[in-house]
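**Student:** no sequence on this one, just coordinates:
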């Protein structure tokens, strides 16, 4: 998936480009620091997605969005902005953005949205017609892993466990996750099993000596074919 990163702040654009580059299946096709450059690159490059800032020095992000929608390429757009006024959010939604991320945000927040975008692209790419489940997936605006947490689990701790799982070299046990996150082994396993249930992780069994096999967890990856 080719991505254009648009942000007037050079350092912020560099950070967001790094987020994109470290996400499997995505590549940074270009970086723009003005609205004019964003529109020019959108016309020159074959883009799948634009990460669009609202506050740009020449053309506002919402106007860039409008022109992208009326142009021949018409890539998908995720807004990444410090703008929090409701009018801007509503106008972005009406303009057809996939999501609206408020700065500053963590890599995991953007990673979830990129995974969601990749899943939608894969789901709809080979379809001539869409069923209700496909339509619900597109318009539900709920990224993978965003389902309601079971009682006793918190969003903050879930994010910590998800980050530990994402950065593991191969896979990890509940005990290794507990050590990495400073949780109890029981708590770590609850979060890991929750991720398995919602499709965020997969589990395999490692057989050793006597006793029950060890459950090993690793993150699932979005299909990019």
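**Tutor:** Right, received. Where do you want to start? As the structure is a prediction and not an experimental result, all values here were calculated from the model. Numbers count the residues shown, from 1 in each chain.

**Student:** hey, let's count contacts and neighbours off CA atoms from now on
**Tutor:** Will do.

**Student:** Which residue ranges of the chain form helices?
**Tutor:** Using DSSP state H, the helices of the chain run over 10-21, 35-44, 61-70, 86-94, 107-125, 132-139, 155-166, 174-181, 185-197.

**Student:** could you dump those helices to CSV with mean neighbour count?
**Tutor:** Shown next, in CSV, are the helices of the chain (neighbours: other CA atoms under 10 Å):
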stretch, mean neighbour count
helix 10-21, 16
helix 35-44, 18
helix 61-70, 18
helix 86-94, 14
helix 107-125, 17
helix 132-139, 12
helix 155-166, 17
helix 174-181, 18
helix 185-197, 19
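
**Student:** Of those, give the one that comes closest to residue 206.
**Tutor:** Residue 206 lies closest to helix 174-181 among the helices of the chain, at 12.7 Å (CA to CA).

**Student:** For that closest one, which outside residues touch it?
**Tutor:** The contact list for helix 174-181 (CA atoms under 8 Å, 6 or more residues apart in numbering) reads 160-161, 164-165, 183-189, 192, 215-217.

**Student:** go on, stretch 205-215?
**Tutor:** 173-174, 203-204, 216.

**Student:** Can you give me the first-to-last residue distance of that stretch?
**Tutor:** One end of stretch 205-215 to the other measures 5 Å (CA to CA, to the nearest Å).

**Student:** Can you list the low-confidence ranges for this structure?
**Tutor:** 123-128, 130-148, 209-211, 221-225 (pLDDT under 70).

**Student:** picking up where we left off before, which members of the contacts of stretch 205-215 are classed as buried?
**Tutor:** The neighbour-count test (16 or more other CA atoms under 10 Å) marks 173-174, 203, 216 as buried among the contacts of stretch 205-215.

**Student:** Domain-wise, how is this protein divided?
**Tutor:** 2-123, 155-219 (automatic domain parsing).

**Student:** Now distance to residue 129 too, for these, in a markdown table please.
**Tutor:** Listed next are the domains of the chain as a markdown table, based on distance: least, CA to CA, whole Å:
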| stretch | distance to residue 129 |
| --- | --- |
| domain 2-123 | 11 |
| domain 155-219 | 25 |
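
**Student:** thinking again about what came up before, taking the contacts of helix 174-181 together, which two end up most distant?
**Tutor:** Using CA to CA, these span at most 19.6 Å, a distance reached by 160 and 215.

**Student:** what's near enough to touch residue 219?
**Tutor:** Applying CA under 8 Å, 6+ apart, one finds that residue 219 lies in contact with 165-166, 171, 200-202.

**Student:** ok, now with 6 Å
**Tutor:** 166, 201 (CA atoms under 6 Å, 6 or more residues apart in numbering).
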